[in-house]
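In: next input, structure requested:
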Amino acid sequence: MPKNREKREKREATASAVSAASAASISQKKGKRIENLARQRARQLIREQCYTFIAEKKWAEVKRHPHLDLEDYRRLAASILRLKFFTAEAATVVDRLWPMPSLAERMYQLMAENASWEAIQWYLEQGAPMEVSKEVVYPWQAGNEIVLFHIMVHYPSRLLEILPVLLRMGMDPNVQRPCGKREERAGGETALMWYVLFVIRNVWTLEMGVIELLLEAGCDPLLEDKQGRTVFDYVEYLYCENAIQWKEDERGLRSKEEKATLLRALRAWA
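Out: Numbers count the residues shown, from 1 in each chain. The predicted model follows:
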């Protein structure tokens with residue numbers, strides 16, 4: 001009997017110790033969870049406050065904070081880069097939140113974050129290049145990012161406003177899109193090809209003023225891409241493909257008129 005009593009007491013003592021340890025562990029985890037929630041809430045409030053300062057252009061109030069991490073700074077800087085009222089003060093805040101060692105890297109990030117044209121223009125005026133190698137930021141990637149093609153994809157409705165500015169800054173009208181490692185079938189497109197391929201095809205807004213502007217600037221309609229195609233081949237493909245989709249509806253009939261107008265303009269400069 002005494003031995004059984006001793007064993008029972010030992011089991012009860014062990015169970016009590018385990019229970020106490022478990023309670024302490026649960027209490028500790030609960031404390032950490034509450035602490036993390038409080039930290040996340042504080043972080044969220046600081047971010048919201050910073051976004052409010054950005055919207056109100058209170059640049060002096062947008063500062064680095066110990067509760068924020070690198071991803072928070074990147075997002076805050078990106079939100080500033082997308083503003084249409086981009087100024088030197090805004091650029092100073094961006095450099096403070098998300099510093100870059102060179103203007104080339106900054107320009108690459110501007111395109112990666114879909115920055116506003118106003119921000120891109122500001123950095124171009126400071127000497128940022130119009131063509132940036134991906135290896136500047138990601139050494140394992142090949143190819144270049146070119147401001148012209150980025151603008152044509154993201155700001156198709158503002159090309160008549162933006163293209164003259166790029167040309168005044170020294171943009172080569174015959175620059176061709178490079179071919180990266182993962183783009184074996186692409187590459188070599190000119191601004192004319194890119195306009196036909198993306199703007200007309202996806203937005204369906206044919207601005208003859210853009211075509212005429214590029215041609216007058218010296219864009220050669222006879223240049224070939226990596227597959228030996230000229231802009232005339234792109235036009236034939238675009239309108240033939242869409243004519244099949246539209247058949248004889250009103251849009252298909254309109255496409256024939258647009259195609260004829262576009263080809264006449266191109267042939268005049270060929």
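
In: can you give me the helices in the stretch 151-270 of the chain?
Out: For the stretch 151-270 of the chain, applying DSSP state H, counting those that start in this stretch gives helices covering 159-168, 191-194, 208-217, 231-246, 250-269.

In: check which residues of the first one are buried.
Out: By that I understand helix 159-168. For helix 159-168, a neighbour-count test (16 or more other C-beta atoms under 10 Å) marks 159, 162-163, 166-167 as buried. (C-beta placed from N, C-alpha, C; glycine too.)

In: of those, which is the nearest to Leu124?
Out: Leu166 (8.0 Å; C-beta to C-beta).

In: grab the nearest non-local neighbour of the closest one.
Out: Nearest residue to Leu166, sequence neighbours excluded (C-beta to C-beta, 6 or more residues apart in numbering): Leu148, at 6.3 Å.

In: show me what contacts the one you found?
Out: Listed by C-beta atoms under 8 Å, 6 or more residues apart in numbering, the contact set of Leu148 reads 130, 166, 171, 175, 191, 194.

In: make it 7 Å
Out: 130, 166, 171, 175, 191 (C-beta atoms under 7 Å, 6 or more residues apart in numbering).

In: can you redo those residues as a markdown table with distance to Glu257?
Out: Formatted as a markdown table, those follow (distance: C-beta to C-beta, whole Å):
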| residue | distance to Glu257 |
| --- | --- |
| Met130 | 35 |
| Leu166 | 30 |
| Met171 | 31 |
| Val175 | 30 |
| Ala191 | 23 |
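
In: okay, the helices of the stretch 151-270 of the chain, which one's buried deepest?
Out: Among the helices of the stretch 151-270 of the chain, the stretch with the highest mean neighbour count (mean count of other C-beta atoms under 10 Å) is helix 191-194, at a mean of 25.
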